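> Quick one, fold the following:
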Amino acid sequence: MKRVRAAFGLLAFLAVLIVASSILVKTTNDTLLDDLDQIGTLSAAGNYEAALEVIDGMNGFFSRREHWMALFIKRDYLSGIAMCLGGLSAYVGPDNQQDLQSELGKARTQILMTGHLFFSML
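Predicted structure coming up:
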């Protein structure tokens, strides 16, 4: 009887872990993608200061979430996202619009790929 209880306890723990990790990855990815869209919109409108503020906030948000996400996703993929996000501020300006859009696309692809890899394993 104790084995059955232990098995159900382990099953419940794993179910909670799966749900919690799914929520973490989904909310993080959705927030980052929304921020990337906002950066593109602000920069296209010429509001570069606001775009830089969004980039700073997004990098802080990701650095806080990155350690938790590393429990479920390989650090290589998370490092790729961090590198893409870290370099965005260099492209904010009137002369770099095409480069910024390219970098936003790369960051978006990295985030979507990471989400796909995580959810395809479930």
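> quick one: low-confidence ranges for this protein?
Low-confidence segments of the chain (pLDDT under 70): 122.
> elements contacting the longest helix seen in it?
In the chain, assigned by DSSP state H, the helix with the most residues is helix 2-44. Packing partners of helix 2-44 (3 or more Cβ pairs under 8 Å, 6 or more residues apart in numbering; DSSP states H and E): helix 48-69, helix 97-121. In short, each C-beta sits where N, CA and C put it, glycine included.
> Which one, of those, ends up nearest to residue 14?
Residue 14 sits nearest to helix 97-121 of all the helices and strands packed on helix 2-44, at 13.6 Å, using Cβ to Cβ.
> Could I get the contacting residues of the residue most central in space within the chain?
Ranked by distance to the mean C-alpha position of the chain (Cα atoms, centre = their mean), the top residue is residue 29 at 3.9 Å. With contacts defined as Cβ atoms under 8 Å, 6 or more residues apart in numbering, residue 29 is in contact with 111-112, 114-115.
> got it, and residue 65?
24, 28 are the contacts of residue 65 under Cβ under 8 Å, 6+ apart.
> Apply 7 Å and report the result again.
Neighbour list for residue 65: residue 28 [criterion: Cβ atoms under 7 Å, 6 or more residues apart in numbering].
> what does residue 99 give?
By Cβ under 7 Å, 6+ apart, the contact set of residue 99 is residue 91.
> start to end distance for stretch 85-95?
Taking Cα to Cα, to the nearest Å, the first and last residues of stretch 85-95 lie 19 Å apart.
> For residue 81, give its distance to residue 66.
8 Å (Cβ to Cβ, to the nearest Å).
> Could I get the buried residue list for stretch 107-117?
The neighbour-count check on stretch 107-117 (16 or more other Cβ atoms under 10 Å) flags 107-108, 110-111, 114-115 as buried.
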